Each structure stands twice: as C-alpha cells, then as structure tokens.
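Participant: With the sequence up front, the predicted model follows.
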Amino acid sequence: MLTTKPSRRARRGTARRVVAAVIGAVAVMLMLPMTAGAAPVTVIPGLPPVEIPSIPGVPPLPGTPSTPETTTPTPEPTTPKPTPSTPETPKGPAIPNVQTSTGWIALADDATHQITWWHNGNQVKTMPISMGSDKHPTPNGVYYTKESYRDMYMDSSTYGVPVDSAEGYRTYVEYATRMSWDGIFIHAAPWSVEQQGRSNVSHGCINISTANGKWVFDTIPRNTPIVVRGTIGPDYIPGS
C-alpha cells in the first residue's frame, strides 16, 4: 500500500485551523461576564496567561486558589487576681508580760484612761477609768487583787488623813475590790463617770462605773494582776 505525504499546502491548512480554534476559544472566554473578586489564571502552552473570570453558581476550577477567610480570635476571658487581704491589727494595747495564776490580766493605762482585761490571752473587756489626780497619783506597778466588798465606806483616816480635814473623806462605795493594803481599790464611782476615760480625779483608786464595778466584783478572782502604767506617780511597792 502506498502512503503519500500531505502536501505543504495541506499542512499549512491544518495549522491555520488549529490556530483559529485556539483563538476562537480564547475569544469566547474573554466575552464571558466579569464578576467581582480575583479571577483565576489559565495557562495555554505557547500563549500568554489568560485570566478566566468566575461565573456565579459555578464552582471554581480544580487547583484554583481560594482566598481564606480572616477570623479575629476571641480573647479568652481573664479572671481578676484576688487582692491580698491585710490582716487586721489587734485593737487595744498589748497584753502585759506578767504571771497570772487565775488566767486574768488587766492593764490600767493612764495615757488612754482605759483599763483592759484579758482572759487566757484573749482580750475580753475595756472600760473607761479615772485614776488618782496629780495631787494623789496612783503608783505605777503590778498589783494583785485581794478581798472584794459589795459595799463599804472608804475613810481617809485609814491612811493618815483625818476625815474632817480639807483632804479628808468618808464615802460610801459599791463593788469595791482591793488592790493594795494601803487603801487602793478599783470600785464603782458614779460621781466621776463624766471624768472616766478623760481625766484623773480620785484619791488614788481606780474609778469605774457602777455596771463595770459589778462586772469586776462578779468576774475577777482574787490574785489577779492589775498593771498600772503611765501615771505621774511613784513606783508601787508590792505588799504595801
């Protein structure tokens, strides 16, 4: 069987038809409606890259890059750090460093005109007081309670001052607890309630209200230490 080669004219006609087909396909693609957004690029061998617009409702060609959606990360809620709390400062003075056989300790402080009571190391009660005046100051030191009287007469003659003298007295008192053998008591003194917590007006005793005097009488046992501090008086001599 004889084969004949296509003539040069036939080969040229075939090439023209291929080129015409490619150009026609490109022209059709260029006439498609343009839509917003980035258009994919199609590369045909031997021709420059051609952008092919996307068509609504038609998925993009395989391999067409898509623009990823940008999402803003939601910040995680932060839990506020707790504010450190400051321990409360204990109210009142520090407990005196004295021995006690009863568990009770008292401090009569002339700077504040208060007497504070502790039991087994715990502050129990604070009450206003009036101690000895500048003329009769209460000595400073450690006293120990002795006998107690529901009521009694206090007589200045017991420590050498006649009752009928300018400094003498004989006064009825209630709820009196002896602190020293020379006549110093802690007792109810309703006549000096206005001065209690403010100034000193007694003859050396510790004046407190009637209600506070009853509390001491009912509560505080014998041999309880009472520390007197800050007066202008001399040092107390234990046993006097």
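Facilitator: Yep, that arrived. Numbers count the residues shown, from 1 in each chain.
Participant: Okay, now the unreliable bits of the protein?
Facilitator: Scanning the chain for pLDDT under 70 picks out 1-90.
Participant: Where does the record place the domain boundaries for it?
Facilitator: 9-51, 104-229 (automatic domain parsing).
Participant: Dump those domains into a markdown table; add mean neighbour count as well.
Facilitator: No exception for glycine: its C-beta is placed from N, CA and C like everyone else's. Output for the domains of the chain, formatted as a markdown table (neighbours: other C-beta atoms under 10 Å):
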| stretch | mean neighbour count |
| --- | --- |
| domain 9-51 | 10 |
| domain 104-229 | 18 |
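Participant: Turn the ones you listed into CSV, including distance to D235.
Facilitator: Putting the domains of the chain into CSV (distance: least, C-beta to C-beta, whole Å) gives the following:
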stretch, distance to D235
domain 9-51, 101
domain 104-229, 5
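Participant: what's the closest of those domains to I95?
Facilitator: domain 104-229 (5.0 Å; C-beta to C-beta).
Participant: Nearest to G239, out of the domains of the chain?
Facilitator: Of the domains of the chain, nearest to G239 by C-beta to C-beta is domain 104-229, at 7.3 Å.
Participant: Just the terminal-to-terminal distance for that closest one.
Facilitator: With C-alpha to C-alpha, to the nearest Å as the measure, the ends of domain 104-229 fall 17 Å from one another.
Participant: isn't R150 right next to F217, touching?
Facilitator: Yes. Contact criterion C-beta atoms under 8 Å: R150 and F217 qualify, at 7.0 Å.
Participant: Touching both of these two, which residues are there?
Facilitator: Taking C-beta atoms under 8 Å, 6 or more residues apart in numbering as the criterion, R150 and F217 both touch Y175.
Participant: Can you show me the strands along the chain?
Facilitator: 41-42, 50-51, 104-109, 114-119, 122-128, 141-144, 148-155, 170-178, 185-188, 206-208, 225-229 (DSSP state E).
Participant: Export those to TSV and append columns for distance to A94.
Facilitator: Compiled in TSV, the strands of the chain are given as follows (distance: least, C-beta to C-beta, whole Å):
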stretch	distance to A94
strand 41-42	89
strand 50-51	90
strand 104-109	9
strand 114-119	10
strand 122-128	10
strand 141-144	15
strand 148-155	27
strand 170-178	24
strand 185-188	21
strand 206-208	20
strand 225-229	11
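Participant: And the ones you listed: which comes nearest G197?
Facilitator: strand 122-128 (2.9 Å).
Participant: Partner strands of that closest one and their direction?
Facilitator: strand 114-119 (antiparallel) (DSSP bridges).
Participant: now the strand it pairs with against strand 225-229, angle please.
Facilitator: 150 degrees (axes from the mean of the first three to the mean of the last three C-alpha atoms, to 10 degrees).
Participant: who's in contact with strand 114-119?
Facilitator: Outside strand 114-119, the residues that touch it by C-beta under 8 Å, 6+ apart are 92-93, 95, 103-109, 123-129, 186, 197, 206, 208, 220, 226.
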